[in-house]
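> Output the structure for:
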Amino acid sequence: SSKKMGGPGQSLDVPLGHKEAAYVRSHFDGVEVRLNDAPRADEIMVAVAVTDSGRPLPRVGGLRAAEVVGEDGLR
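Prediction:
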């Protein structure tokens with residue numbers, strides 16, 4: 001995952017992964033989010049990113065989404 005902390009205008013990275021198995025590499029990705037005038041002193045920014053699949057042509061190997069059994073990749 002990625003961790004950042006910053007003030008207004010700082011870009012933040014929202015990590016993405018498979019919903020049931022953490023080690024499905026084809027679903028490792030991230031979305032960059034930036035709000036130029038936020039958060040203000042009395043605000044907090046909450047960012048949520050959702051996808052409907054992994055990468056279109058993954059070449060990273062490892063556990064595949066179709067191979068998830070329920071305990072695979074959940075370390």
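> alpha carbons only for contacts and neighbour counts from here, please
OK.
> which stretches of this protein have low pLDDT?
1-3, 71-75 (pLDDT under 70).
> Helices of that one, start to end?
Assigned helices in the chain: none (criterion: DSSP state H).
> which residues in it form strands?
12-16, 29-33 (DSSP state E).
> most neighbours per residue, which of those strands?
Mean neighbour count (mean count of other CA atoms under 10 Å) peaks for strand 12-16 among these, with a mean of 17.
> what's next to that strand, contact-wise?
1-5, 27-34, 47-50 (CA atoms under 8 Å, 6 or more residues apart in numbering).
> wait, doesn't Ser11 sit right on Val31?
No. Using CA atoms under 8 Å, Ser11 makes no contact with Val31, being 10.0 Å away.
> where's Val46 relative to Val24, distance?
To Val24, Val46 is 25 Å away according to CA to CA, to the nearest Å.
> who has more neighbours, the two?
Comparing Val46 with Val24 by other CA atoms under 10 Å, the one with more neighbours is Val24, at 24 against 6.
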